[in-house]
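> need coordinates for the following:
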Amino acid sequence: MSWLFFRGRWLKLFYILMILIAASPSYGSGADVDKVEAPSTDELKSVVKLLENPEEREAFLKRLKAVIDARQITGQNDQRKPLQKREVLAVEHIFLLFDSLSREFMDAAAGAVSLISGIPQTLADIRIFLSDARNRHHLVRLIVDVLLSILIALILRSVIQRYKPRLKENEERFRKKLKTGLAASVFYIIPYGALFVSLFFLFHIFPSHPKAHVLLITVCLILLIYRSILEGFRVLLAPDEPSLRLIAMSDENANYYWIWVRRTANYGAFYFILSNILYAVQIPSTALDFIRGVMLIVFPILITVFVLQQAREIRLRQQEKAADDTEAEEKANWATRFLVRYWSLLVIAYAWAVFVLLIVHFESGYTYLFTSTLGTLGVLFATLIALNIKNRLFRKMFAVNELVKQRFPGLEQKTNRYIQIIGQTVDVIIVLIGVGVMAEILGFPVSSFVISDIGSLIILRAIAIMITIAVVIGVIEVSYLVGNAFLSGRAEKKREVSQKTKTLVPVTLTAIKIAAWFTGGLIILDRLGVNITPILAGAGIVGLAIGFGSQTLVKDLINGLFILFEESIRIGDWATVGNKGGHVEAIGLRTVRLRDLHGNVHVIPNSSIDTVTNLSKEFSRAVMDVGVAYREDVDKVIEILEEIGRGMQDDPEYGKRILEPLEIFGLDRFENSSVVIRARFMTKPLKQWGVRREFNRRMKRVFDERGIEIPFPHRTLYMGEPKQGSAPPLEVNLRGETGLHT
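Below you'll find the predicted structure:
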């Protein structure tokens, strides 16, 4: 633990004292002195100064005691033994450091408390000091010098207020605002500078107490810096004059930040002034360290409160933005969401780390934190610049002309598809390099790990895994390219793509995708050191079990393949499958999906299909059974039907749907009240129903015009005739407009 206390000058003085003690006659013969380099004259003077100064001597003795306590804790004794290196565990080191810091804290707290007991002695010293007429004369001179300096500053302030620059109305130029704001700030700072300068010269003209001079000059310098900081922030925020504000924000936010700037600046000035006063009155160093440490804790507390307030406001704004624009929230990457949620914790932890290191006087830790922070920020800035340069280069090198994008909307995405993958890969490489350099700056042995055998092996296997993934993606992309060529090639040549091609190409692409990822996964597992032999054996057993346990599924697949290869039905056909009929919406290897006229969807497993009736394969037929009365001339009716058929073929709309002229089979059958003549049209697929409806409409109109009776079911009443005599008369009453007739 001695390294924690003896650094720099203290370590050198400790060695010089040991040499002097060893060289003294009362210690020994001095034979060992020749083994050590003799101290120089300057070093001996430093030892004399150390022994003469009570404060430094007390601090040196406390550090010596702390070293003795630390050695007792670690088990070291006073006997001279050859140094033996013992490995100290990290946990043990932390506990020893904590114990040492706890002892220092308790000693400093005890020293601070002891100041209270020394108040009577301090008052007595003040009375003794004031009892001397010479001291009273110097004190009066000191007060007069201070009052004169304050009076000079006030007079100068009242004079320069008349010449303070002001901004003209409706002035919005940034340069003019900056110039006016800086000029106004200088007018506010001049009185504090005058106080500092006048006090400096008055102390030289009318000297009094040198230590008081130094203290007051220091206080004036602190006030000058304090006022300069406030005026600098006043130029940026301008809480009272929005026309001078350089940062675009609302009046409420400007005053909010101004309040926090004043709070921090006021407490900072109070801390430095009080610290210098306590140092000037020469209180014990341990008590001074304790009081400074207690005062320093306020800074991270203020930072914590401010950061928590800002984090809450940012979260509220983010929630409102997410409520208004859900799509933008979904597009936000994980890094943005992580920073929005946890940036406050990182800032608070960093602030507390900095001030704790300042409180415990851990210079090496503070230096490490400061240098690592600067290095990390520098690397982060360089990484962001590299990413920005890469994005600009890619945009310029692979940009598509605006006119071309307007003519072909999907061309840019098509031409830059793989370029985006390359760009993302470059981004990942840049980020990995940046993270590695930042980890090296923070103390992680990244370079040693990279050049080690394990690190090289991990990197090579990671590269192999990346190449495997790239090959798998390449195979899948090539398969999709070929599949799209099969599906779109015929369409471009205005040839219909068969249903077999439409179904087999996606099935083949899915099989290739599964096989590629399965093979790539096995290779990746092998690169990770996993034994893939049991996996292959297990896959075979699982496949065999699935084959035995899913016979119906296999039958579905086999029947589906036959349906696809034979092209019994196609998507868009109207078919009857089993006992269900409807429009064919989908044909797969396992099921066929139909939708009937009522909109009901029927999903039929391929294994249950025994018959398929396709009503629209290649062509369709519209069959019409025309019934006329028995008294009509059949030949004349056939001529009329042929005339209607020719009229439909000549029609510009229905003629496109009819493939052949009307075919009349002749008198087909006799019904109860009609004779039936059968005719038919050959139409395009799925056009038979429309053609038949139009034919019936036209036939009804022509029959009505030419007086051809279309019979309908009717019943003849027969009263019957008895065996003897005639039938009784049937009395019919006819009621008309003129009355009742019998």
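> give me the phi and psi angles of Arg245.
Note on Arg245: its backbone torsions stand at phi -70, psi 130 [degrees, to the nearest 10].
> cool, and Leu615?
Here is the backbone geometry of Leu615 (degrees, to the nearest 10): phi -90, psi 0.
> excluding its backbone neighbours, what's nearest it?
Leaving aside its sequence neighbours, Leu615 sits nearest to Trp574 (C-beta to C-beta, 6 or more residues apart in numbering; 4.6 Å). Backbone N, C-alpha and C define where each C-beta goes, glycine included.
> what count of nearby residues applies to the one you found?
For Trp574, the count of nearby residues is 22 (other C-beta atoms under 10 Å).
> gap between it and Val197?
As judged by C-beta to C-beta, to the nearest Å, Trp574 and Val197 stand 104 Å apart.
> list the contacts for the residue nearest to Leu615?
Listed by C-beta atoms under 8 Å, 6 or more residues apart in numbering, the contact set of Trp574 reads 581-584, 614-616, 686.
> which ones among those lie within strands?
Taking DSSP state E, the ones among the contacts of Trp574 that sit in strands are 581-584, 614.
> which helices and strands does the host helix or strand of Leu223 pack with?
Element membership for Leu223, per DSSP states H and E: helix 210-237. Judged by 3 or more C-beta pairs under 8 Å, 6 or more residues apart in numbering; DSSP states H and E, helix 210-237 is in contact with helix 133-160, helix 174-205, helix 251-280.
> now these in a markdown table, with distance to Pro54 and mean pLDDT?
As requested, those are exported to a markdown table (distance: least, C-beta to C-beta, whole Å; pLDDT from 0 to 100):
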| stretch | distance to Pro54 | mean pLDDT |
| --- | --- | --- |
| helix 133-160 | 22 | 82 |
| helix 174-205 | 27 | 81 |
| helix 251-280 | 15 | 88 |
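> any chance of these in CSV with distance to Ile451 and mean neighbour count as columns?
As requested, the helices and strands packed on helix 210-237 are exported to CSV (distance: least, C-beta to C-beta, whole Å; neighbours: other C-beta atoms under 10 Å):
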stretch, distance to Ile451, mean neighbour count
helix 133-160, 65, 14
helix 174-205, 52, 16
helix 251-280, 47, 15
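> figure out which of the ones you listed is closest to Val675.
helix 251-280 (96.7 Å; C-beta to C-beta).
> show me what that closest one is packed against.
Counting contacts by 3+ C-beta pairs under 8 Å, 6+ apart, helix 251-280 is packed against helix 210-237, helix 285-296, helix 298-324.
> buried ones in the second one?
Right, the one you point to is helix 285-296. 285-293, 295-296 (16 or more other C-beta atoms under 10 Å).
> Lys580 bridge partners, please.
Beta-bridge partners recorded for Lys580 (DSSP bridges): Val577.
> ok, back up a step: please identify which of the buried residues of helix 285-296 is nearest to Ser158.
Nearest to Ser158 among the buried residues of helix 285-296: Met295, at 35.2 Å, using C-beta to C-beta.
> quick one: that closest one from Asn266, how far?
To Asn266, Met295 is 13 Å away according to C-beta to C-beta.
> these two touch, right, Gln649 and Glu660?
No: Gln649 is beyond contact range of Glu660, at 9.1 Å (criterion: C-beta atoms under 8 Å).
> the more surrounded of those two?
Between Gln649 and Glu660, counted using other C-beta under 10 Å, Gln649 has the larger neighbour count: 17 against 12.
> helix or strand: which one has that one?
Per DSSP H and E: helix 634-650 holds Gln649.
> helices or strands next to that helix in the packing?
Judged by 3+ C-beta pairs under 8 Å, 6+ apart, helix 634-650 is in contact with strand 620-628, strand 658-670, strand 675-683, helix 688-706.
> let's see 7 Å
strand 658-670, strand 675-683, helix 688-706 (3 or more C-beta pairs under 7 Å, 6 or more residues apart in numbering; DSSP states H and E).
> give the buried residues for the shortest one.
When neighbours are counted by 16+ other C-beta under 10 Å, the buried residues of strand 675-683 are found to be 675, 677, 679-683.
> same check on the longest one?
By neighbour count with 16+ other C-beta under 10 Å, helix 688-706 contains the buried residues 688, 691-692, 694-695, 698-699, 703.
> I'd like those residues laid out as JSON lines, including pLDDT and distance to Val360.
Formatted as JSON lines, the buried residues of helix 688-706 follow (pLDDT from 0 to 100; distance: C-beta to C-beta, whole Å):
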{"residue": "Gln688", "pLDDT": "87", "distance to Val360": "96"}
{"residue": "Val691", "pLDDT": "90", "distance to Val360": "98"}
{"residue": "Arg692", "pLDDT": "91", "distance to Val360": "100"}
{"residue": "Glu694", "pLDDT": "92", "distance to Val360": "100"}
{"residue": "Phe695", "pLDDT": "92", "distance to Val360": "104"}
{"residue": "Arg698", "pLDDT": "91", "distance to Val360": "106"}
{"residue": "Met699", "pLDDT": "92", "distance to Val360": "108"}
{"residue": "Phe703", "pLDDT": "90", "distance to Val360": "113"}
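> that older thread, let me have the helices and strands packed on helix 634-650 in CSV, extended by distance to Glu477.
Listed next are the helices and strands packed on helix 634-650 as CSV, based on distance: least, C-beta to C-beta, whole Å:
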stretch, distance to Glu477
strand 658-670, 44
strand 675-683, 44
helix 688-706, 45
